[in-house]
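Undergrad: Turn this into a structure:
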Amino acid sequence: MLTRLALPAFVAALLAAGPAAAQMARTESAKEGTPNKVVPLSKADVQLSFAPVVKRAAPSVVNVYASHVDKRSSARTSAMEEFMRRFFGEPEGGRGPRGDRAQRSLGSGVLVDADGLVITNNHVIDNMNEVRIALADRREFEATIVMRDTRTDLAVLKIKEPSKGLVPMPFGDADALEVGDFVMAIGNPFGVGQTVTQGIVSALARTQVGSADYQYFIQTDAAINPGNSGGALVDLKGQLVGINTAIYSQSGGSHGIGFAIPVGMVKAVVDAAREGASVVRRPWLGARIQSVTPDIADSMGLDHPTGVLVASLQAKSPADEAGLKRGDLILTVDGQEVADPEAFGYRFALKGVQGQTRFGILRGTNRQTVTVKLSPAPETRPRDTLKVKTRSPFLGATLVNTSPAVAEEMQVDFQTDGVVVQAVEENSVAARVGLQKGDVIVAVNGVPIATTKDLDRVTRNSLNSWEVAINRNGEVLTSVFGG
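TA: Got it, this is the predicted structure:
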């Protein structure tokens, strides 16, 4: 009863107050040229509907059915466990003929062009090799996986034999969103069928979500549940502003805290797929940056912590050639404010690998602008991938030679040449002794390790004792392991 009466009473009070109250209710936009935003002022306003927006956007949102048949007789974790661990997806599991383990997942996706390109979350199709797309009008198509970008948790699919009538969703502008704006989430929660939920933008530039390397998410209270992964976050123009990716939940259901990847990053991945690339190429800076603490902000005369501090530079890198110096504070990227390393990483990654970008910096007490060349990280030497199979502390690890390209892909900082751990198999010897992705092998039994060939020679011998020195996050650790 209270819910039914409260809104009409509020509207009546506004109407009784007349034009003055109506004017006070208006929220002036801070952005020149955008329309003013107002609260409902009449009964007609209260009866407004989102149906026209849904009619425009819903045909572009698809269901994604992915499957993989595991020939092993058993699986360590079920598809349900895996996807609930990753926040989303409504997977099913079962055994096919001959006891094969069939893994299946269910998610959502968005048509982004009339030729049948679909964007979804990578975790929806992770480890899957067969994909089907179902449209809102119940047509179904087989699809191929064109690109997987694990760093953003995005993937691009392509309908194999697209027919007429595919309705792509236009891209919106996530940078134009403001906290409090209405948005809608469209997807296939729990496999019940296409569902639309409505809410507002709860926050922008959210970090520490933990579902991708690039932490810069739109937070919304529109109800999002398992199965919504890869679905659309839509503005009131029916345009795509984000891809629903994760929820904060202790039960697996919606608690009104959902996260979407901004459309800017989505466009970068889609553009790379359209160009025929197998991976998304991102610009290389060649500098290590760090957060600005309150103490650092105070010492630099700032009102509050903002920007990112240049901690070190690599010789002959774009940052070095642009004239950046240790201690410079980067405040903007092409005029867009960057408040922390996550915001900087997002803004810089969107610039591509051609042309140049401009950083607004603070050097001492002087504000100035530097121009940084956009280029991919170079592979200065062959990777020479080594997967150790002999009995040693490295058994089960995959190692490669370091280079700026490897450092960029792994999102770690390499200041010197060496051999880095690229991956570690679960329950392997390497995992049990504590080797981690990103560890740089410095020496083994006193022998310096400069290349994977050096490490291969050392590990060919069976020894009773291994002394291993590794560089982990700039600190050299030495441990002794039994043979």
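Undergrad: hey, let's count contacts and neighbours off CA atoms from now on
TA: OK.
Undergrad: Low-confidence ranges, the stretch 151-300 of the chain, go.
TA: 208-214, 248-255 (pLDDT under 70).
Undergrad: do that again at 80, thanks
TA: Within the stretch 151-300 of the chain, the ranges that satisfy pLDDT under 80 run 191, 206-215, 225-226, 246-256.
Undergrad: Repeat that for the stretch 301-450 of the chain.
TA: The stretch 301-450 of the chain contains residues with pLDDT under 80 at 410-417.
Undergrad: all strands of it, in order?
TA: 308-313, 329-333, 336-337, 356-363, 366-373, 386-387, 397-401, 419-424, 440-444, 447-448 (DSSP state E, counting those that start in this stretch).
Undergrad: for the fourth one, packing partners?
TA: Packed against strand 356-363 by the contact rule (3 or more C-alpha pairs under 8 Å, 6 or more residues apart in numbering; DSSP states H and E) you find strand 329-333, strand 366-373.
Undergrad: what's the most buried one of these?
TA: Compared across the helices and strands packed on strand 356-363, strand 329-333 shows the largest average neighbour count, a mean of 24 (mean count of other C-alpha atoms under 10 Å).
Undergrad: quick check, distance from that one to the centre of its chain.
TA: Remark: strand 329-333 is offset 22 Å from the chain centroid, using C-alpha atoms, centre = their mean, to the nearest Å.
Undergrad: Starting from it, tell me which strands it pairs with and how they run.
TA: Partners of strand 329-333 in the sheet, by DSSP bridges, are strand 308-313 (antiparallel), strand 336-337 (antiparallel), strand 356-363 (antiparallel).
Undergrad: The residue nearest to the spatial centre of the chain: which element?
TA: Geometric centre of the chain, nearest residue: residue 152, 2.9 Å, by C-alpha atoms, centre = their mean. In the assignment (DSSP states H and E), residue 152 maps to no helix and no strand.
Undergrad: What of residue 45?
TA: In the assignment (DSSP H and E), residue 45 maps to helix 43-46.
Undergrad: After that helix, heading C-terminal, what element do we hit next?
TA: Next helix or strand after helix 43-46 toward the C-terminus (DSSP H and E): helix 51-57.
Undergrad: Which strands and helices lie in contact with that following helix?
TA: Secondary elements touching helix 51-57 (3+ C-alpha pairs under 8 Å, 6+ apart): none.
Undergrad: So for the helix or strand following that helix, mean pLDDT?
TA: Heading C-terminal from helix 51-57, the first helix or strand you meet, by DSSP H and E, is strand 61-70. In this model, strand 61-70 has an average pLDDT of 82.
Undergrad: returning to what we had before: figure out which of the strands paired with strand 329-333 is closest to residue 227.
TA: Residue 227 lies closest to strand 336-337 among the strands paired with strand 329-333, at 33.7 Å (C-alpha to C-alpha).
Undergrad: Who are the contact partners of residue 459?
TA: Going by C-alpha atoms under 8 Å, 6 or more residues apart in numbering, residue 459 touches 388, 390-392.
Undergrad: For PyMOL, what selects the buried ones among those?
TA: Only the buried entries of the contacts of residue 459 go into this PyMOL selection, using 16 or more other C-alpha atoms under 10 Å:
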select buried, resi 388+392
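Undergrad: TSV for the contacts of residue 459, including distance to residue 411?
TA: What follows is these, written out as TSV (distance: C-alpha to C-alpha, whole Å):
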residue	distance to residue 411
388	23
390	29
391	29
392	27
